[in-house]
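Student: sharing a model that was predicted from the sequence below.
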Amino acid sequence: MKRSKEEIVKKFTEEMQIPESAVTDSFRIEFRSNTDVIIEGCRGIVEYEESGISLNLGKMIVRFGGADLEISSFYEEQAILKGTVAAMEFSS
(Lines give C-alpha, C1' and ligand atoms only; values in the text may rest on other atoms or scores of the structure.)
Protein backbone atom coordinates (compact mmCIF):
# COMPACT_ATOMS: atom_id res chain seq x y z
CA MET A 1 0.00 0.00 0.00
CA LYS A 2 1.49 3.31 -1.08
CA ARG A 3 0.86 6.25 1.26
CA SER A 4 0.71 9.88 0.25
CA LYS A 5 3.27 12.43 1.39
CA GLU A 6 0.61 14.05 3.60
CA GLU A 7 -0.13 10.75 5.34
CA ILE A 8 3.57 10.11 5.98
CA VAL A 9 4.13 13.63 7.37
CA LYS A 10 1.05 13.33 9.60
CA LYS A 11 2.16 9.94 10.97
CA PHE A 12 5.74 11.16 11.54
CA THR A 13 4.71 14.33 13.38
CA GLU A 14 2.23 12.43 15.53
CA GLU A 15 4.85 9.83 16.50
CA MET A 16 7.50 12.49 17.22
CA GLN A 17 4.95 14.71 19.00
CA ILE A 18 5.91 17.82 17.03
CA PRO A 19 3.72 20.30 15.13
CA GLU A 20 3.21 19.41 11.47
CA SER A 21 4.35 22.90 10.48
CA ALA A 22 7.81 22.09 11.89
CA VAL A 23 8.51 19.80 8.93
CA THR A 24 6.45 21.57 6.28
CA ASP A 25 5.99 25.21 5.33
CA SER A 26 2.32 25.11 6.16
CA PHE A 27 0.63 27.73 8.26
CA ARG A 28 -2.89 28.62 9.32
CA ILE A 29 -4.32 32.00 10.27
CA GLU A 30 -7.65 32.15 12.08
CA PHE A 31 -9.41 35.43 12.77
CA ARG A 32 -11.86 35.18 15.64
CA SER A 33 -12.52 38.88 15.11
CA ASN A 34 -10.36 41.83 14.16
CA THR A 35 -9.08 41.81 17.76
CA ASP A 36 -8.15 38.15 18.17
CA VAL A 37 -5.97 36.23 15.68
CA ILE A 38 -4.39 32.76 15.97
CA ILE A 39 -1.39 31.99 13.76
CA GLU A 40 -0.17 28.38 13.54
CA GLY A 41 3.14 27.54 11.88
CA CYS A 42 4.90 30.62 13.21
CA ARG A 43 8.70 30.27 13.16
CA GLY A 44 9.59 33.53 14.87
CA ILE A 45 8.96 37.21 15.44
CA VAL A 46 10.43 39.62 12.87
CA GLU A 47 8.91 42.91 14.07
CA TYR A 48 7.07 43.76 17.29
CA GLU A 49 5.49 47.18 17.80
CA GLU A 50 2.06 48.38 18.93
CA SER A 51 1.25 49.42 15.37
CA GLY A 52 2.68 46.39 13.56
CA ILE A 53 3.74 42.81 14.18
CA SER A 54 5.56 40.70 11.57
CA LEU A 55 5.93 36.94 11.93
CA ASN A 56 8.11 34.42 10.09
CA LEU A 57 6.02 31.63 8.54
CA GLY A 58 8.89 29.78 6.90
CA LYS A 59 9.02 30.91 3.28
CA MET A 60 6.78 33.91 3.99
CA ILE A 61 6.50 36.84 6.34
CA VAL A 62 3.06 38.01 7.46
CA ARG A 63 2.62 41.53 8.83
CA PHE A 64 -0.37 42.65 10.86
CA GLY A 65 -0.96 46.38 11.06
CA GLY A 66 -3.27 48.11 13.48
CA ALA A 67 -3.42 49.56 16.96
CA ASP A 68 -2.53 48.27 20.43
CA LEU A 69 -1.19 45.02 18.94
CA GLU A 70 0.49 42.48 21.18
CA ILE A 71 1.38 38.81 21.15
CA SER A 72 -0.52 37.40 24.11
CA SER A 73 0.86 33.87 23.63
CA PHE A 74 3.70 32.25 21.67
CA TYR A 75 4.03 28.50 22.18
CA GLU A 76 4.99 25.56 19.92
CA GLU A 77 4.83 27.56 16.67
CA GLN A 78 1.51 29.14 17.59
CA ALA A 79 1.09 32.85 18.22
CA ILE A 80 -2.02 34.63 19.46
CA LEU A 81 -2.36 38.31 18.60
CA LYS A 82 -4.57 40.74 20.49
CA GLY A 83 -5.39 44.32 19.58
CA THR A 84 -7.15 45.97 16.68
CA VAL A 85 -6.02 44.46 13.36
CA ALA A 86 -6.65 46.80 10.44
CA ALA A 87 -4.45 45.15 7.77
CA MET A 88 -2.63 41.95 6.94
CA GLU A 89 0.01 41.57 4.21
CA PHE A 90 2.36 38.84 3.03
CA SER A 91 5.90 39.09 1.69
CA SER A 92 8.59 36.59 0.83
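Tutor: Looks like it came in fine.
Student: run through the protein and note the low-pLDDT ranges.
Tutor: 1, 16, 18-25 (pLDDT under 70).
Student: could I get the full set of strands for it?
Tutor: 28-33, 36-40, 44-49, 52-56, 61-75, 78-91 (DSSP state E).
Student: same for the last one, what does it pack against?
Tutor: Under the contact criterion of 3 or more CB pairs under 8 Å, 6 or more residues apart in numbering; DSSP states H and E, the helices and strands touching strand 78-91 comprise strand 36-40, strand 61-75. Just so you know, the C-beta spots here come from the backbone N, C-alpha and C atoms, and that holds for glycine as well.
Student: that one vs strand 61-75, what angle?
Tutor: 180 degrees (axes from the mean of the first three to the mean of the last three CA atoms, to 10 degrees).
Student: which outside residues touch strand 78-91?
Tutor: 19, 29, 31, 34-40, 42, 45, 50, 53, 55, 60-74 (CB atoms under 8 Å, 6 or more residues apart in numbering).
Student: ok, it: who's next to it in the sheet?
Tutor: strand 36-40 (antiparallel), strand 61-75 (antiparallel) (DSSP bridges).
Student: alright, that wraps it up for me.
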